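Visitor: here is a sequence together with a model predicted from it:
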Amino acid sequence: MVVLNPPPEATASGWRETGDGEWIADRRHRSVSSWRRWLAVVAKLLLSGLLLGLDAGADEFDEYSVKAAYLYNFAKFVEWPSEAFATADAPLFICIAGANPFGNALALLAGKTVNNRPVEVRHNPAATGLDQCHIVFMGRAEQGRFRALLAKLGRLPILTVSDIGDFAQAGGIIGLVEVDQRIRFAINLAATRQAGLKLSSQLLKLAIIVDQGGGGN
């Protein structure tokens, strides 16, 4: 059974509060064990492309460390319109809307870059201010309101990702799904086009393709 880490409650968790109700990754809290787990995930990633084939319940991998690696690598295969960034070197914001299921796993992404842009991770417990994000993850705890969030974000250049069941079919862009005890991902092409994003063909050929509008957009 996969053991999930609790949401951040103090700076010891690898997050710190900005003062306006948001949490951002704190690079000062990277334990040796966390780095070892991260390096194991990255090593597996290099061997398997986009983490395809990872067992969702494998003892050596924490479920949300794997999903954090997915988020980071999705960013490498997405092209945002230029107007999505204030400047040529503006950060790429990965945001968690609502409850944070990652523990400190996403804090390990702080300091990394995608296409020469620094990656910044934010936790938005109230799910507000998401229009400033480039990737928005909605955990399973947001089951009751994810459609309303999608309705607000659907026409913005934001990559929406979730492990809620049938997320892509409901109008989200990428849904993380478990197939034969392995983590795979579904992509909604209609939602991608509506958001004005371009996905790499390398990413698309590894995905379960959904090409339909969702009720939430």
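Guide: Noted; the coordinates are in hand.
Visitor: residue ranges of the strands in the protein, please?
Guide: Along the chain, counting by DSSP state E, strands occupy 15-17, 23-25, 78-79, 92-97, 113-114, 117-124, 135-138, 159-162, 174-179, 182-188, 198-199, 208-210.
Visitor: in the longest one, what's buried?
Guide: Neighbour counts over strand 117-124 (16 or more other Cβ atoms under 10 Å) mark 117, 119-124 as buried. (Each C-beta comes from the backbone N, C-alpha and C, glycine too.)
Visitor: that one - which strands sit beside it in the sheet, and in what orientation?
Guide: As defined by DSSP bridges, the strand partners of strand 117-124 come to strand 23-25 (antiparallel), strand 92-97 (parallel), strand 113-114 (antiparallel).
Visitor: mean pLDDT lowest where, among those strands?
Guide: Looking over the strands paired with strand 117-124, mean pLDDT reaches its minimum on strand 23-25, with a mean of 60.
Visitor: please pull out the lowest mean pLDDT helix or strand from the protein.
Guide: Every helix and strand of the chain was ranked by mean pLDDT, DSSP states H and E. The lowest is helix 32-48, at a mean of 46.
Visitor: quote the end-to-end distance of stretch 124-144.
Guide: In terms of Cα to Cα, to the nearest Å, the two terminal residues of stretch 124-144 are separated by 17 Å.
Visitor: then stretch 107-122 to PDB, C-alphas only?
Guide: Extracted as PDB, the C-alpha positions of stretch 107-122 are listed here (Å, rounded to 0.1, in the frame of the first residue of the first chain):
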ATOM      1  CA  ALA A 107       9.600  21.100  -3.000                       C
ATOM      2  CA  LEU A 108      12.300  19.000  -4.700                       C
ATOM      3  CA  LEU A 109      11.400  20.800  -7.900                       C
ATOM      4  CA  ALA A 110      12.400  24.200  -6.600                       C
ATOM      5  CA  GLY A 111      15.600  25.400  -8.300                       C
ATOM      6  CA  LYS A 112      15.000  23.300 -11.400                       C
ATOM      7  CA  THR A 113      14.400  24.900 -14.900                       C
ATOM      8  CA  VAL A 114      12.300  24.100 -17.900                       C
ATOM      9  CA  ASN A 115      13.500  25.800 -21.200                       C
ATOM     10  CA  ASN A 116      15.700  28.100 -19.200                       C
ATOM     11  CA  ARG A 117      12.800  29.200 -17.000                       C
ATOM     12  CA  PRO A 118      13.100  28.600 -13.200                       C
ATOM     13  CA  VAL A 119      10.400  26.400 -11.800                       C
ATOM     14  CA  GLU A 120       8.400  27.700  -8.800                       C
ATOM     15  CA  VAL A 121       5.900  25.600  -6.900                       C
ATOM     16  CA  ARG A 122       3.000  27.200  -5.100                       C
END
